[in-house]
Structure formats: structure tokens, C-alpha cells
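Engineer: Sharing a sequence plus its predicted fold:
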Amino acid sequence: MSAPTVESLLDDLDAERAAVMAIVRPLPRASWTLPTRAEPWTVRDQVAHLGWFDGAFARAISTPEDFTAERDAITDLDGFVGRTLSDVPEVGPAALAYWQDAARAFDRAARACDPTARLPWYGPPMSLRSAITSRIMETWAHGTDIADAVGARLAPTDRLRHVADIAVRARAQGYRVRGMDVPEVPVRVELTGPSGDVWTWDEGRDDGDAVVGDAEEFCLVLVRRRHVDDTSLVVTGDAAREWMVLGQAFAGTPGKDPVRA
């Protein structure tokens, strides 16, 4: 697959946001306080998280020096993430409006940004395309949490190709955050997307360690929302199995083990 353009990535991000917002918009007030699988976060907390970090990325793009100073003042990143939730309106339409405003700020900043720029973030600097793709992953993952909490379904689309690509490229992440060596054994990945298209990584190999199956299930495993044993994924080889157990597509500290079905 050729590298997507900034414009096409932003279109996909906007479409993913719209799908999640369509679930959130009609919710009665009581639903905003429902617990999600990311305990102790509620539906409102998930929306707040998406809005706050869309806004943070907008600042990282538009005012990188100010953002860097803000970031460097943080001494407890996990505590900081929790404290960001208090900056967002408590429940209902005001929280959704906060996210919508932050999303628009992100889009404006991204469209005005030099596509070759390296952007500061809470981890290593990243490209603009990586920044947008990470927002697609976050929006989909937290949107899935919201949908599950309110008994809805966030329909999978081929936008999951972005999430799967991050997950494959971030194979080392789950090891590094646990202080473990990354295995040298390659793992072939072959996924079937929602449209029926087959996506492959390391497609030149037809033996050895491999993960084969449904793209949505693969992505859910590597954002640590579902245990691999609760999926239909066919996992071949010890290295592939280990990756599916401890892998995580996101940065930060080791993610919690997913709740078993």
C-alpha cells in the first residue's frame, strides 16, 4: 500500500470521529456516567480523553515550543493523563462540544502544517502522518469502549488498516515497556478487512510464525481490548503467541490485561 496523503488521513480521522460522535450524540444524561472497560473511566471520561488529546496535538503542531515546555514540566505522566479529565465539561452535550472544538483545532493545525515536520509529543517526536494515524487509532479504540458501554456497535471499516499497520510496526513496543528483549523471529501477518480485502505484512514468507484472521479482532488484541484466546485469530509459533499476549500498539506504560470474555 502506498503511503496515504495527509488529506486522506484527515478524511479518515474525521470519518472515524463522526462514527463515534453519532453514537454519543443521542445518549441520555445517565449514559454518560456508565462504566467502560477502561476502569475507572466512564463514557464521559472516554470522550474527555479524546477531546483533550486532540487539543494537545493541535498545540504540538501550532505552538511546538509552548507544548514542549508544558510537556517537560510533567513529572508523573500517568497522573497527568488522569488530571486532564478535570479540564473537560462534566457530561452531556458540553463534553461532546469540547471534543468537537478540539477536533476542529487539530484539523486546522494539521492542514496548515508542513507535511515533513517532526512534531513533539509525550514520547518521541513523530511525523504529521504518524500523528494523524495515532489519532485514528485512539478514536477507534476509545470509540469501541464507548459503544460497548452503551450497548451499541462501532461498525468496523477499512480504516482499521491504519490501526493494524501501527500495531504491526509497534511490535517491539510491548517488549520495550516491560524491559524485555525483542525477539528476532519475524511474524507474518495476514488480515481480512471489513470489505473483504486481505492485508499482509512480511508477505514474502509462507511458513514460520504468523497471525492470520480478522482485522478487527487483531486490532482489538493489540490495543489490549480483547484477549487473543477470545478471538478466532490463528496464531502460529511461540513468537507470534507471545506478541499477541503482551503486544500493545500504543506508547506509555504496559497496558492492563484485557478482561476475558
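Structural biologist: Structure's in. What do you need? The shown structure was predicted, so the numbers you read here are calculated from the model rather than taken from an experiment.
Engineer: tell me the domain boundaries of the protein?
Structural biologist: Taking automatic domain parsing as the domain assignment, the ranges for the chain are 6-155, 161-246.
Engineer: now the helices for the stretch 1-150 of the chain?
Structural biologist: Assigned helices in the stretch 1-150 of the chain, in chain order: 6-24, 43-62, 64-72, 77-84, 93-112, 128-150 (criterion: DSSP state H, counting those that start in this stretch).
Engineer: In JSON lines, list these along with distance to Ala170.
Structural biologist: Any C-beta I mention is one placed from the backbone N, CA and C, and that applies to glycine too. JSON lines is the format used below for those (distance: least, CB to CB, whole Å):
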{"stretch": "helix 6-24", "distance to Ala170": "17"}
{"stretch": "helix 43-62", "distance to Ala170": "18"}
{"stretch": "helix 64-72", "distance to Ala170": "21"}
{"stretch": "helix 77-84", "distance to Ala170": "18"}
{"stretch": "helix 93-112", "distance to Ala170": "21"}
{"stretch": "helix 128-150", "distance to Ala170": "10"}
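Engineer: Lowest mean pLDDT across those helices, which one is that?
Structural biologist: Ranked by mean pLDDT, those bottom out at helix 77-84, which scores a mean of 82.
Engineer: would you turn the domains of the chain into TSV with mean neighbour count and distance to Gly255?
Structural biologist: Below are those laid out as TSV (neighbours: other CB atoms under 10 Å; distance: least, CB to CB, whole Å):
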stretch	mean neighbour count	distance to Gly255
domain 6-155	17	10
domain 161-246	18	4
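Engineer: could you dump those to a markdown table with distance to Asp257?
Structural biologist: As requested, the domains of the chain are arranged in a markdown table below (distance: least, CB to CB, whole Å):
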| stretch | distance to Asp257 |
| --- | --- |
| domain 6-155 | 11 |
| domain 161-246 | 7 |
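Engineer: Go through the ones you listed and name the closest to Arg260.
Structural biologist: With CB to CB as the criterion, Arg260 lies closest to domain 161-246 of the domains of the chain, at 5.4 Å.
Engineer: Can you measure across that closest one, start residue to end residue?
Structural biologist: Using CA to CA, to the nearest Å, the end-to-end distance of domain 161-246 comes out at 21 Å.
Engineer: for stretch 152-160, same thing?
Structural biologist: Using CA to CA, one end of stretch 152-160 lies 18 Å from the other.
Engineer: what do you get for stretch 191-200?
Structural biologist: Span of stretch 191-200 from end to end, CA to CA: 6 Å.
Engineer: Could you do stretch 224-233 as well?
Structural biologist: End-to-end distance of stretch 224-233: 15 Å, with CA to CA as the criterion.
Engineer: pLDDT (mean, whole number) over it?
Structural biologist: Predicted confidence along stretch 224-233 averages 96 (mean pLDDT).
Engineer: now swap in stretch 183-203 and tell me
Structural biologist: 94.
Engineer: Please work out which residues outside it touch it.
Structural biologist: In this structure, residues lying in contact with stretch 183-203 by CB atoms under 8 Å, 6 or more residues apart in numbering are 1, 155-158, 160-161, 164-165, 168, 171, 175, 205-206, 208-216, 218, 237-240, 242-243.
Engineer: In this structure Pro254 contacts Gly174, no?
Structural biologist: Yes. If you go by CB atoms under 8 Å, Pro254 and Gly174 touch, sitting 7.4 Å apart.
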